[in-house]
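Q: Any chance you can model this:
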Amino acid sequence: MRKTEALMTGYQLRRVGWEALVAALGPANATRFVLQYEPGSGDYLKRRDELFGQKTVDQLYREMTKDK
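A: I've put the predicted structure just below:
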């Protein structure tokens with residue numbers, strides 16, 4: 001059975017995570033990795049509804065492939 005670990009504080013999580021990235025990738029690549037993530041902006045759910053409404057994945061797929 002797996003032992004339950006205590007949750008870290010936000011600071012601890014960032015510190016340990018950064019150290020793991022540096023250990024695995026080196027400082028330059030760890031920095032490059034982190035810089036690839038940005039929070040973005042806007043309301044994704046609202047935009048998704050504007051674009052696709054209530055269509056299913058199957059419906060969208062058929063629309064995208066019907067003229068091919």
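Q: Tell me the pLDDT of the residue with the largest distance to the centre of the chain.
A: Going by C-alpha atoms, centre = their mean, the residue of the chain most distant from its centre is residue 67, 32.3 Å out. What the model reports for residue 67 is a pLDDT of 80.
Q: pull the longest helix from this structure.
A: helix 10-25 (DSSP state H).
Q: which helices and strands does the next helix or strand after it pack with?
A: Next helix or strand after helix 10-25 toward the C-terminus (DSSP states H and E): helix 27-35. When contacts are defined as 3 or more C-beta pairs under 8 Å, 6 or more residues apart in numbering; DSSP states H and E, helix 27-35 packs onto helix 10-25. In this view, the C-beta of every residue, glycine as well, is placed from N, C-alpha and C.
Q: Now do the helix it packs on: everything it contacts.
A: 8, 30, 33-34 (C-beta atoms under 8 Å, 6 or more residues apart in numbering).
Q: thinking again about what came up before, from residue 55, how far off is the residue farthest from the centre of the chain?
A: 17 Å (C-beta to C-beta, to the nearest Å).
Q: Could you look up the SS state of the residue most central in space within the chain?
A: Central residue of the chain (C-alpha atoms, centre = their mean): residue 37, 8.1 Å from the mean position. State at residue 37, reduced to three classes by DSSP: H, G, I helix; E, B strand; the rest coil: coil.
Q: Now do the same contact list for it.
A: Contacts of residue 37 by C-beta under 8 Å, 6+ apart: none found.
Q: do you know how far it is from residue 44?
A: Taken as C-beta to C-beta, the span from residue 37 to residue 44 is 15 Å.
Q: what about residue 4, how many neighbours?
A: Using other C-beta atoms under 10 Å, residue 4 is surrounded by 6 other residues.
Q: re earlier: mind telling me the two of the contacts of helix 10-25 farthest from one another?
A: Between any two of the contacts of helix 10-25, the greatest separation by C-beta to C-beta is 20.0 Å, found for 8 and 33.
Q: low-confidence ranges in the chain?
A: Residue ranges of the chain with pLDDT under 70: 1-2, 68.
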